[in-house]
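Trainee: below are the sequence and a predicted model; questions follow.
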Amino acid sequence: MKISTRINWSLGLAFILTIIFGSIWAFQFLKISTSFHVDVINKIEFVEKQLKEQNIPISLDSTKTTVENARLTMKYTMSLTTFLLVLIFIIISALSFILYRTTVSPLLFLIKQVKNVSSGEIDRCVILNRKDEIGFLSQAINKMTDQLFSSQEKIKDKQNKLEVALQQSQEQKYFLENVRHATINLLEDLNEEKTNAVRNAKKNELILRSMEDGVCVIDLTEKIQFMNTAGRKILGREKQNIEGKDLFKILNASIGEILVSRPEMPTTISIKEQKIVFGSKDLAFLNAKGERIAVDSIVSPLIVDKTIEGGILVFRDVTRAREVDRMKSEFVSVASHQLRTPLTSIRWHNEMLLAGDLGKIVPIQKNSLEKMHDSILRMAALVNSLLNVARIESGRIQVEPIPTDLSEVVKKVLENYEQPIQKKQIKVTTFFDQKLKKINVDPELINEVFSNLISNSIKYSRDNGQLAIALKEDVDNVLSQISDTGLGIPKDQQDKIFSKFFRAENVILEDTDGTGLGLYIVKAIIESSGGKIWFESQENQGTTFWFSLPKSGMIKKLGDRKLMPLETAWGHKKITKK
Ligand code: ADP
């Protein structure tokens, strides 16, 4: 039961009990005193009667008066008692009211307050300015409420912080969850990548092993990191452990009869200059048995993430192919050589007939003999070119460099072609750099180069065309430029222009003479001298050829053959303007 109800009940009960017991007590008192009074009066009247019967004259009035007085006193007492009872009732009521107002009500208020506090309404707090226990209790409750309030504020604050922290942790959890997912995905990807990489590595290894070409991976110091089965087989080192060994010592490379020094090795050059290097066409490696193996080779720098880590050498045994080539060249050389002797004789006799040394000739015979002469010249040119190709390919051409003034070579070549130049009315301009010094080249070989390029320019020019020749130099090279305003080379055929026997369709249609060997020979001479040749051309606009030669010039080479001079018959052909 609630304490307020209990107090209410207690006070009500005390009140009712006071009234009941007070009433009982007043009633009993009244009853006893009335019966006593009646009894006393009866007894007095009995005594008076007895006395009367005995005739004893005695009056008991005084006694009656006394009794009456007593009855009055009792009545008065009764009234007083009733009054007192009412008074007590009033006092109890007043006291109860005061008690209620001063103690119970504040207590109830405090109880309510505590209830409010307990239900969370901390701010509804009233301070009772009293100095008694209730005041103390109220202050204590207020203090407690204050503390509770501040604790609640702190708790709220902490709760807020906790909520923020919770939210942050939720966000972090979410983020971590995402990171976890991403990491899992990444790991899965990595795993897949790894599996793929392992599979690819195995595949690559298999490919490398099953390749017919030798493949060798070297580090920056040219130590062998890997060599496939084909490479080991070519070098006769299938069973040897060559990993970690110096490739230079393993290969013993040579060009012709000359051993290749380390700085000249394609591997060294490729790693040093970080570029692809093709091995010379006469390159050979020495196998484990000491036999020379002719090889075609290419070295690529091994660049990983823009950092050079070594090189990859790919090589192929071309001993047989080179032997077949050599035999082919030999055959062409012999055949051409054999053709030259009767050809020279025919030419000689033809020229004698034409000159009238063997008797007078009539015009119709002269015409025939002239045509024959043209054909002989064409054939001689072809035979000479074939012979030159065979000699160049066999590597037997002797190179004898001497300090040569290139401008003099150009002038001489132009002199040689004065006749066709004049015939076609070609305007020739030359520019020779004043600073140009003599360069160490074989004059015959360089003459062959200029003769081919200049004669082509004249041959493939129309009447009144232009020919410009310039010689310049840069830091390391001497640059020669031969430009014309002739037929040009069709774009779709430009990539074949240095191939053997190739002639572009436009010049064939113009019915010009040629063997298709000139540029092949020119390129071979220039590249064997460490130079480069290239061109730009536009059909019906003209062509410009450039070639560079290192200022250091050509390297002397002992050989048993020289180039045959270029002979042409095309000067007789006339290209008419379209
Ligand atoms: P050819 O004996 O036919 O001139 P080359 O090897 O000297 O043989 O030249 C190969 C081909 O290149 C020529 O047939 C021609 O089609 C083309 N060519 C070379 N030089 C020129 C040039 N200056 N103008 C146009 N075409 C050229």
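Mentor: Received the coordinates, thanks. Note that the coordinates shown come from a computational prediction; the quantities given were computed from them, not determined experimentally.

Trainee: for Phe535, which non-adjacent residue is spatially closest?
Mentor: Ranked by CB to CB, 6 or more residues apart in numbering and with sequence neighbours excluded, the top spatial neighbour of Phe535 is Phe545, at 4.5 Å. Yep, even glycine has a C-beta here, placed from its N, CA and C like the rest.

Trainee: check whether the helix or strand that neighbour falls within contacts the ligand.
Mentor: Assessed by DSSP states H and E, Phe545 sits inside strand 542-550. Yes. Legend: contact between strand 542-550 and the ligand by CB under 6 Å from any ligand atom is shown at Thr543.

Trainee: tell me which parts of the chain are close to the ligand?
Mentor: Near the ligand, when you scan the chain using CB under 6 Å from any ligand atom, you find 452, 456-457, 460, 484, 486-489, 497, 502-504, 507, 514-520, 543.

Trainee: what are the contacting residues of the longest strand anywhere in the chain?
Mentor: Looking across the chain with DSSP state E, the single longest strand is strand 292-304. For strand 292-304, the surrounding residues in contact (CB atoms under 8 Å, 6 or more residues apart in numbering) are 217, 234-235, 254, 266-267, 269-271, 274-279, 281-287, 308-319, 321-323.

Trainee: check which helix or strand covers the closest residue to the ligand within the stretch 1-150 of the chain.
Mentor: Of all residues in the stretch 1-150 of the chain, Ser150 sits closest to the ligand, at 103.3 Å by CB to the nearest ligand atom. Assessed by DSSP H and E, Ser150 sits inside helix 133-210.

Trainee: from Leu467, how far off is Phe248?
Mentor: 48 Å (CB to CB, to the nearest Å).

Trainee: higher neighbour count, these two?
Mentor: Leu467 (23 against 17; other CB atoms under 10 Å).

Trainee: where does the more buried one sit: helix, strand or coil?
Mentor: strand (DSSP: H, G, I helix; E, B strand; the rest coil).

Trainee: so who does it touch?
Mentor: Ile421, Ile426, Lys427, Val428, Thr429, Ile454, Ser457, Ile458, Ser461, Ile482, Ser483, Asp484.

Trainee: now the angle from the host helix or strand of Ser329 to strand 292-304?
Mentor: Using DSSP H and E, the element containing Ser329 is helix 319-355. Interaxial angle of helix 319-355 relative to strand 292-304 (axes from the mean of the first three to the mean of the last three CA atoms, to 10 degrees): 110 degrees.

Trainee: quick revisit: neighbouring strands for the strand holding Phe545, and are they parallel or not?
Mentor: strand 477-484 (antiparallel), strand 532-538 (antiparallel) (DSSP bridges).

Trainee: closest to His181 out of the ones you listed?
Mentor: strand 532-538 (57.1 Å; CB to CB).

Trainee: pLDDT on that closest one, on average?
Mentor: Averaging pLDDT along strand 532-538 yields 96.

Trainee: ok, now stretch 395-402?
Mentor: Averaged across stretch 395-402, the pLDDT comes to 86.

Trainee: sorry, back to before: which residues does the residue nearest to Phe535 contact?
Mentor: Leu453, Gln481, Ile482, Ser483, Ile533, Trp534, Phe535.

Trainee: can you flag the buried ones in those?
Mentor: Among the contacts of Phe545, those classed as buried by neighbour count (16 or more other CB atoms under 10 Å) are Leu453, Ile482, Ser483, Ile533, Phe535.

Trainee: quick check: the last one touching Trp546?
Mentor: If I follow you right, that is Phe535. Yes. Using CB atoms under 8 Å, Phe535 is in contact with Trp546, at 7.0 Å.

Trainee: now the stretch 201-350 of the chain against the ligand: closest residue?
Mentor: Ser336 (15.8 Å).

Trainee: which residues touch that residue?
Mentor: Contacts of Ser336 by CB under 8 Å, 6+ apart are Val383, Asn384, Leu386, Leu387, Ala390.

Trainee: list the buried ones in the helix or strand hosting the fourth one?
Mentor: Remark: Leu387 resides in helix 363-394, with elements defined by DSSP H and E. Counting neighbours by 16+ other CB under 10 Å, one finds that the buried residues in helix 363-394 are 369, 372-373, 376-394.

Trainee: any chance of CSV for the contacts of Ser336, columns pLDDT?
Mentor: What follows is the contacts of Ser336, written out as CSV (pLDDT from 0 to 100):
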residue, pLDDT
Val383, 87
Asn384, 85
Leu386, 86
Leu387, 84
Ala390, 83
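
Trainee: rewinding a little: just the buried ones from the contacts of strand 292-304, in ChimeraX syntax?
Mentor: The buried residues among those can be selected in ChimeraX (16+ other CB under 10 Å) with this line:
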select :217,234,235,254,266,267,269,270,271,277,279,281,282,283,284,285,286,287,310,311,312,313,314,315,316,317,318,322
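
Trainee: report pLDDT for the one residue sitting closest to the centre of the chain.
Mentor: Central residue of the chain (CA atoms, centre = their mean): Asp305, 10.9 Å from the mean position. With respect to pLDDT, Asp305 scores 86.

Trainee: just Leu558 next, same as before
Mentor: 78.

Trainee: would you agree it is in contact with Glu400?
Mentor: No. Taking CB under 8 Å as the definition, Leu558 is not a contact partner of Glu400, at 9.2 Å.

Trainee: more neighbours: these two, which one.
Mentor: A direct count of neighbours by other CB under 10 Å for Leu558 and Glu400 places Glu400 higher, at 15 against 10.

Trainee: if we can go back for a sec, and the residues of the chain next to the ligand, which of them are in strands?
Mentor: Asp484, Thr543.

Trainee: give the contact list for Lys289.
Mentor: Gly236.

Trainee: for it, phi and psi?
Mentor: Dihedral pair for Lys289: phi -90, psi 0, per degrees, to the nearest 10.

Trainee: quickly note the distance from it to Asn252.
Mentor: 12 Å.

Trainee: where does the stretch 451-578 of the chain have low pLDDT?
Mentor: Counting by pLDDT under 70, the stretch 451-578 of the chain contains low-confidence ranges at 511, 566-578.

Trainee: try 80
Mentor: Along the stretch 451-578 of the chain, segments meeting pLDDT under 80 span 511-512, 558-578.
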